[in-house]
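A.B. asks: give me a model of this one.
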Amino acid sequence: MNADELLRNYATGQRDFSRFDLSRAILIQINLSEANLSRTDLDWADLSGINLSGANLERANLINARLIGAKLMGVNLTGAYLSHADLSWVNFDGAVLVGVDLSYANLSKTVLANTNLSAANLTGANLSGANLSGANLSRADLSGANLSGVDLSGSNLNRADLVEADLNGADLSGAILNKADLSESILRNADLENSVLEGANLHKANLRSANLTGAVIREMSISRITISEFTLDTVNLSSGVNLGSANLSGANLSGVSLKGADLSYARMHLTNMIDVNLRGAKMIDIYLRSADLQKASLRGSNLSRVNFTETIMPDGSIHP
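C.D. replies: Okay, the predicted model is just below:
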């Protein structure tokens with residue numbers, strides 16, 4: 001069936017076009033709402049501006065397709081193949097995208113708020129400027145994805161793969177990131193206020209100037225992290241946190257609990273540690289030059305080979 005036949009049949013009331021071959025079809029700015037296109041071959045098709053609201057595209061092949069500005073509200077894309085597709089400016093409101101393949105797709109400026117993207121493949125996808133607030137991205141693969149400036153507030157990112165993802169300036173406030181893999185990700189200027197990061201992996205992540213105010217961080221692996229010039233006010237850093245070899249220079253850790261944390265080999269030059277709980281912390285080979293430890297609790301901590309030069313000590317005195 002070609003595009004003209006499809007349009008004629010649709011006009012007569014036919015809605016079932018499943019398993020048809022429509023590869024390279026040109027279907028620009030037409031209405032195919034409520035159509036059944038499941039398992040249909042639409043690779044390299046130009047569907048720019050098309051209205052597919054409420055359509056069934058389950059397991060459809062849309063690899064390299066153009067859907068710029070398409071209306072995909074309420075569409076079923078479960079298990080569909082959209083690798084390398086151009087979906088910029090698309091509205092996915094109410095769409096189902098469980099297990100969809102969106103690897104290396106262009107999703108810039110899309111509306112994906114409150115959508116179900118669990119277990120979706122978004123490897124290398126461009127999501128810059130997209131709205132993913134409240135989206136379900138649990139177990140999704142976002143490794144290497146461009147998420148700069150993305151609204152992910154209140155989203156579910158449990159067990160998501162965010163290795164080497166670019167989250168520069170992203171809004172992750174209130175997001176759930178339990179056991180998410182954020183190793184080597186870029187979180188510069190990201191807003192993680194009130195987020196939950198239990199068991200997350202932030203190995204070699206860059207959190208420079210990020211905001212973690214009110215975040216819950218437990219049982220994490222965040223060794224070799226770069227988090228200078230960021231805010232950790234009132235953050236819950238429960239015992240067992242690994243901050244080994246972390247660069248915390250210039251960070252604001254005032255009032256934070258680091259009880260039992262491993263800070264071995266960390267750099268904490270000019271770090272604000274006023275009223276920090278460091279009881280039982282492991283602090284071997286720490287560089288604390290010019291740090292502020294006023295009112296900090298160091299009881300039971302392991303302070304082996306620590307550089308305290310010009311550091312303000314818990315009693316207010318300045319270490320020589």
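A.B. asks: so which residues of this protein form helices?
C.D. replies: 3-11 (DSSP state H).
A.B. asks: so where's it shaky on pLDDT?
C.D. replies: Within the chain, the segments meeting pLDDT under 70 span 218-241.
A.B. asks: same thing but 80
C.D. replies: By pLDDT under 80, the weakly predicted segments of the chain are 1, 203, 213-247, 251-252, 256-257.
A.B. asks: tell me where it has strands.
C.D. replies: Ranges of strands in the chain, per DSSP state E, are 216-217, 236-237.
A.B. asks: and the first one, what other elements does it pack with?
C.D. replies: Secondary structure elements in contact with strand 216-217, counted by 3 or more C-beta pairs under 8 Å, 6 or more residues apart in numbering; DSSP states H and E, are strand 236-237. In short, each C-beta sits where N, CA and C put it, glycine included.
A.B. asks: ok, now which ones touch the residue lying closest to Phe17 once chain neighbours are set aside?
C.D. replies: Setting aside the residues directly before and after it, Phe17 is nearest to Leu37 in space (C-beta to C-beta, 6 or more residues apart in numbering), at 5.4 Å. Neighbour list for Leu37: 17-18, 20, 52, 55-57, 60 [criterion: C-beta atoms under 8 Å, 6 or more residues apart in numbering].
A.B. asks: looking at those, which has the most residues close by?
C.D. replies: The residue in the contacts of Leu37 with the most neighbours, by other C-beta atoms under 10 Å, is Leu57 (29 neighbours).
A.B. asks: surely that residue touches Tyr81?
C.D. replies: No - between Leu57 and Tyr81 there is no contact under C-beta atoms under 8 Å: 9.9 Å.
A.B. asks: quick one: neighbours of Leu6, just the number.
C.D. replies: 21.
A.B. asks: just the one 10 residues further on next, same as before
C.D. replies: Number of residues near Asp16 (other C-beta under 10 Å) recorded here: 12.
A.B. asks: then Ala11?
C.D. replies: Ala11 has 9 nearby residues by other C-beta under 10 Å.
A.B. asks: ok, it to Val306 distance?
C.D. replies: 78 Å (C-beta to C-beta, to the nearest Å).
A.B. asks: Gly54 now?
C.D. replies: Shown here: Gly54 relative to Val306, a distance of 64 Å by C-beta to C-beta.
A.B. asks: then Ala85?
C.D. replies: Distance from Ala85 to Val306, by C-beta to C-beta: 54 Å.
A.B. asks: which of these two has more neighbours?
C.D. replies: Using other C-beta under 10 Å, the more surrounded residue of Ala85 and Val306 is Ala85, with 29 against 18.
A.B. asks: what's near enough to touch the more buried one?
C.D. replies: Taking C-beta under 8 Å, 6+ apart as the test, what Ala85 contacts is 62-67, 102, 105-106.
A.B. asks: and what of Leu102?
C.D. replies: Per C-beta under 8 Å, 6+ apart, neighbours of Leu102: 82-83, 85, 87, 120-122, 125.
A.B. asks: repeat that with 7 Å
C.D. replies: The contact partners of Leu102, taken as C-beta atoms under 7 Å, 6 or more residues apart in numbering, are 82, 120-122, 125.
A.B. asks: what's the answer for Leu253, then?
C.D. replies: Shown in contact with Leu253 (C-beta under 7 Å, 6+ apart): 232, 271-273, 276.
A.B. asks: adding neighbour count and distance to Met1, write those residues out as a markdown table.
C.D. replies: Formatted as a markdown table, the contacts of Leu253 follow (neighbours: other C-beta atoms under 10 Å; distance: C-beta to C-beta, whole Å):
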| residue | neighbour count | distance to Met1 |
| --- | --- | --- |
| Leu232 | 26 | 60 |
| Thr271 | 26 | 67 |
| Asn272 | 23 | 67 |
| Met273 | 26 | 69 |
| Val276 | 28 | 69 |
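A.B. asks: quick check, nearest of the residues you listed to Glu184?
C.D. replies: Leu232 (20.7 Å; C-beta to C-beta).
A.B. asks: count the neighbours of the nearest residue to Asn114 once chain neighbours are set aside for me.
C.D. replies: Leaving out its chain neighbours, the residue that sits closest to Asn114 by C-beta to C-beta, 6+ apart is Gly134, at 4.3 Å. Gly134 sits with 17 neighbouring residues when counted by other C-beta under 10 Å.
A.B. asks: just to revisit the earlier point, could you identify the most distant pair in the contacts of Ala85?
C.D. replies: Arg66 and Leu102 (14.4 Å).
A.B. asks: grab the nearest non-local neighbour of Ile30.
C.D. replies: Ile50 (5.8 Å).
A.B. asks: show me the contacts for the one you found.
C.D. replies: Taking C-beta under 7 Å, 6+ apart, one finds 27, 29-30, 32, 67, 70 in contact with Ile50.
A.B. asks: and Ser18, how far is that from Leu270?
C.D. replies: Using C-beta to C-beta, Ser18 is found at 63 Å from Leu270.
A.B. asks: what do you get for Asn156?
C.D. replies: Taking C-beta to C-beta, one finds Asn156 at 37 Å from Leu270.
A.B. asks: equivalent analysis for Gly13, please.
C.D. replies: When Gly13 is compared with Leu270 (using C-beta to C-beta), they lie 72 Å apart.
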